[in-house]
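S.K.: Sequence isn't available, so here's the structure alone:
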């Protein structure tokens, strides 16, 4: 039988490992982990551990989780917390996330699962982040970076408040699952690998971004651009343009204040010079991340960008409105 432990609202300080063999714990105030190289939740035979009360990793503590855990109160990280290479998951089923220290998500999941509003404070990187809260989750301070998947249950929502970054590296890209309600501005990054200097087709998966977002990372030639002009036989060369299907000609950007219309494709020359390109991580910041095409496409060829900060499954893609039963990827 399992012996119940009633803490009567008292706190608990743990300086060593936590070996969870008793799931019948009640009325626990706050658990303070204040040791070094602590191994948490190493219970014999347990696969998931429920911890009532609040959980604080003290500033002097370095702790690692060795089971999936469900925390019913607040999680405060003042020291360091690691889910280990087994990628254990953290379910925050009651309280808020406060990170003043270091969190190593590895490739694990952090899940906010409640019906009462929760908050995320501090700067951290999540691998997979899921929001399942009808009361919503708000990012109140710091910056939260997601390396892989952000999933928001349509019955809930995430208030990003300009503090969310969808990351992109040589090994992974972050994305938002379909029908995920995300409010406020977010920043979407995309790695463009090194290669020969040439044109690339780019677009913005958020609304409200301007060419100035890209001008921060790359050299853009044009009469009104701060990088100045690259001159050719026809004069000043503008290195960013859209395609006008009516005139069957390119329309060149007039300056960094031009809008990166959501869903519109742009031809952009990328190069450190006319021959080589060392690669860059582009980013845009804006809202309306559920996406729309943003413009009325005219008859003829059009440059169309993915209007969503997510991948497109072409198994579910079908044409309509006079579009032929094919698509081209520009090379």
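M.R.: Structure received. The structure presented is a predicted model; accordingly, all values stated were derived computationally and were not measured.
S.K.: use CA for all of it now, contacts and neighbours both
M.R.: Noted.
S.K.: To what extent is residue 312 buried, counted in neighbours?
M.R.: In terms of burial, residue 312 registers 12 neighbours under the definition other CA atoms under 10 Å.
S.K.: is it fair to say it lies in a strand?
M.R.: No - per DSSP: H, G, I helix; E, B strand; the rest coil, residue 312 lies outside any strand segment and is coil.
S.K.: Distance check, it against residue 136.
M.R.: Residue 312 sits 26 Å away from residue 136 when distances are taken as CA to CA, to the nearest Å.
S.K.: for the lowest-mean-pLDDT helix or strand in the chain, packing partners?
M.R.: Every helix and strand in the chain was compared by mean pLDDT, DSSP states H and E; the lowest is strand 48-51, with a mean of 69. Here strand 48-51 touches strand 68-71, going by 3 or more CA pairs under 8 Å, 6 or more residues apart in numbering; DSSP states H and E.
S.K.: what element comes up after the strand it packs on heading to the C-terminus?
M.R.: For strand 68-71, the succeeding helix or strand toward the C-terminus, using DSSP states H and E, is strand 75-77.
S.K.: Okay, now the sheet partners of whatever helix or strand comes next after that next one, with direction.
M.R.: Remark: after strand 75-77, the chain's next helix or strand is strand 80-82, criterion DSSP H and E. Looking at strand 80-82 with DSSP bridges, its paired strands and their directions are strand 62-65 (parallel), strand 102-104 (parallel).
S.K.: Determine which stretch of the ones you listed is the most buried.
M.R.: Per residue and on average, the most neighbours among the strands paired with strand 80-82 fall to strand 62-65, with a mean of 22 (mean count of other CA atoms under 10 Å).
S.K.: Tell me how far that strand lies from the chain's centre.
M.R.: 24 Å (CA atoms, centre = their mean, to the nearest Å).
S.K.: pretty sure residue 16 contacts residue 38?
M.R.: Yes - applying CA atoms under 8 Å as the test, residue 16 and residue 38 come out as touching, 5.8 Å apart.
S.K.: the more surrounded of those two?
M.R.: Neighbour tally, residue 16 and residue 38, criterion other CA under 10 Å: the higher count belongs to residue 38, 19 against 15.
S.K.: Of all the strands paired with strand 80-82, which one is nearest residue 197?
M.R.: Evaluated with CA to CA, the strands paired with strand 80-82 place strand 102-104 nearest to residue 197, the distance being 36.7 Å.
S.K.: following the closest one, which helix or strand shows up next?
M.R.: Counting by DSSP H and E, the element after strand 102-104 in chain order, helix or strand, is strand 109-114.
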